[in-house]
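Novice: Show me how the following folds:
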Amino acid sequence: MNKAIIKDFIKSSRGSMFSFTYDENNGKVQVLDNWGYEISPESAAAIIEGMSKAYINLTDVEINGIRKRNADNEIWHDSYLYGPRASESSFRKNLKRNWGFTCKKCGKKVSSKNDNSWWRIDGANYSSNNKYCSKQCIDPVVSEIEQKIEIATYKRFGVK
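Specialist: Purely as a prediction, here's the structure:
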């Protein structure tokens with residue numbers, strides 16, 4: 001493998017994205033950059049050789065490490081963008097009638113007459129109608145949801 005070719009290719013391709021196409025007529029794979037240019041045959045050969053050395057003879061521990069890093073990346077990405085999050089809401093004080101609820105965690109009665117705020121779980125994929133009296137009550141629920149998401153994601157990625 002010509003290390004200089006692959007190092008030059010990697011250095012010059014920072015910020016580029018590549019797509020792969022398959023030519024049905026000749027059964028060949030092509031690698032195209034952002035602008036539709038095919039990479040050079042020398043770069044392709046160096047990449048194939050380098051990737052073969054990196055991925056062909058992996059141990060089970062190395063394979064599991066790759067799966068875990070990918071799962072952790074998805075967990076971080078999804079939790080950052082989609083939740084679940086504990087959100088505090090203030091009771092409106094201009095209501096004609098007070099309203100209240102019972103905390104889903106501890107059973108405390110919460111009302112707009114006696115309390116200033118209440119908590120709920122938000123997030124694109126994790127909203128519910130459950131209401132909580134305090135951050136201390138909602139935090140364990142959010143943690144439990146996050147643990148279930150982690151377990152399910154690790155299972156989906158095949159992490160052992």
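Novice: State the distance from residue 33 to residue 5.
Specialist: Spatial separation of residue 33 from residue 5 under the definition C-beta to C-beta, to the nearest Å is 16 Å. For glycine as for every other residue, the C-beta is placed from the backbone atoms N, C-alpha and C.
Novice: Which one of these two is surrounded by more residues?
Specialist: residue 5 (18 against 13; other C-beta atoms under 10 Å).
Novice: isn't that one right next to residue 46, touching?
Specialist: Yes - contact between residue 5 and residue 46 holds when scored by C-beta atoms under 8 Å: they sit 4.5 Å apart.
Novice: tell me the contacts of residue 113?
Specialist: Residues in contact with residue 113 (C-beta atoms under 8 Å, 6 or more residues apart in numbering) are 98, 100.
Novice: same thing with the one 4 residues further on?
Specialist: By C-beta under 8 Å, 6+ apart, the contact list for residue 117 reads 88, 89, 90, 91.
Novice: what's the closest non-adjacent residue to the last one?
Specialist: In space, not counting the residues next to it along the chain, residue 91 is nearest to residue 112; the distance is 3.9 Å by C-beta to C-beta, 6 or more residues apart in numbering.
Novice: That neighbour - how many residues pack around it?
Specialist: Neighbour count of residue 112, defined by other C-beta under 10 Å: 18.
Novice: Got the phi and psi for it?
Specialist: phi -70, psi -20 (degrees, to the nearest 10).
Novice: Distance of it relative to residue 90?
Specialist: Applying C-beta to C-beta, the value for residue 112 to residue 90 is 10 Å.
Novice: try residue 66
Specialist: Residue 66 is 46 Å from residue 90, by C-beta to C-beta.
Novice: What residues of the helix or strand that contains residue 119 count as buried?
Specialist: Assigned by DSSP states H and E, residue 119 belongs to strand 117-122. By neighbour count on 16 or more other C-beta atoms under 10 Å, the buried set for strand 117-122 is 118, 119, 120, 121, 122.
Novice: Which residue ranges of this protein form helices?
Specialist: Along the chain, the segments classed as helices by DSSP state H run 3-12, 41-55, 60-82, 135-157.
Novice: Tabulate these (JSON lines), appending mean pLDDT and distance to residue 27.
Specialist: Converted to JSON lines, the helices of the chain look like this (pLDDT from 0 to 100; distance: least, C-beta to C-beta, whole Å):
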{"stretch": "helix 3-12", "mean pLDDT": "81", "distance to residue 27": "24"}
{"stretch": "helix 41-55", "mean pLDDT": "84", "distance to residue 27": "15"}
{"stretch": "helix 60-82", "mean pLDDT": "91", "distance to residue 27": "28"}
{"stretch": "helix 135-157", "mean pLDDT": "94", "distance to residue 27": "31"}
